[in-house]
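Novice: Pasted the sequence and its predicted model underneath.
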Amino acid sequence: MTEFGKRMRCMLTSVARKDDDVRDLRGLHILIVEDEWTLAGDLARFFSNMGAIILGP
């Protein structure tokens, strides 16, 4: 995982603890548009783990 991915996970995890709705993204379709392949992968894994359906390459 990239350094950005680690920081994002930490930040969003603390938000999710305050608001349980943030963690429940089941069925939500998310299109990730990012030219940095490793960052796009980190984002896709993060949102997939929260239940989102990832669109895109």
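Specialist: Cool, the structure landed. Residues are numbered from 1 along each chain as shown.
Novice: doesn't Asp24 make contact with Met50?
Specialist: Yes: judged on CB atoms under 8 Å, Met50 makes contact with Asp24 at a distance of 7.4 Å. C-beta coordinates here come from the backbone N, C-alpha and C atoms, glycine included.
Novice: Neighbour count: the two, which is higher?
Specialist: Higher neighbour count among Met50 and Asp24: Met50, with 16 against 12, using other CB atoms under 10 Å.
Novice: Now that one. Nearest residue, chain neighbours left out?
Specialist: Computed as CB to CB, 6 or more residues apart in numbering, the closest residue to Met50 that is not its neighbour in sequence is Leu25, at 4.4 Å.
Novice: Contact partners for that neighbour?
Specialist: If a contact means CB atoms under 8 Å, 6 or more residues apart in numbering, then Leu25 has 47, 50-52 as its contacts.
Novice: Just give the closest residue to Ala44, not the sequence neighbours.
Specialist: Nearest residue to Ala44 in three dimensions, chain neighbours excluded: Ile54, at 4.7 Å (CB to CB, 6+ apart).
Novice: May I have the secondary structure class of the one you found?
Specialist: What DSSP: H, G, I helix; E, B strand; the rest coil gives for Ile54 is strand.
Novice: For it, name its beta-bridge partners.
Specialist: Ile30 (DSSP bridges).
Novice: quick one: it from Thr38, how far?
Specialist: 15 Å (CB to CB, to the nearest Å).
Novice: so Phe4 makes contact with Leu39?
Specialist: Yes: here Phe4 reaches Leu39: they are 5.9 Å apart, a contact under CB under 8 Å.
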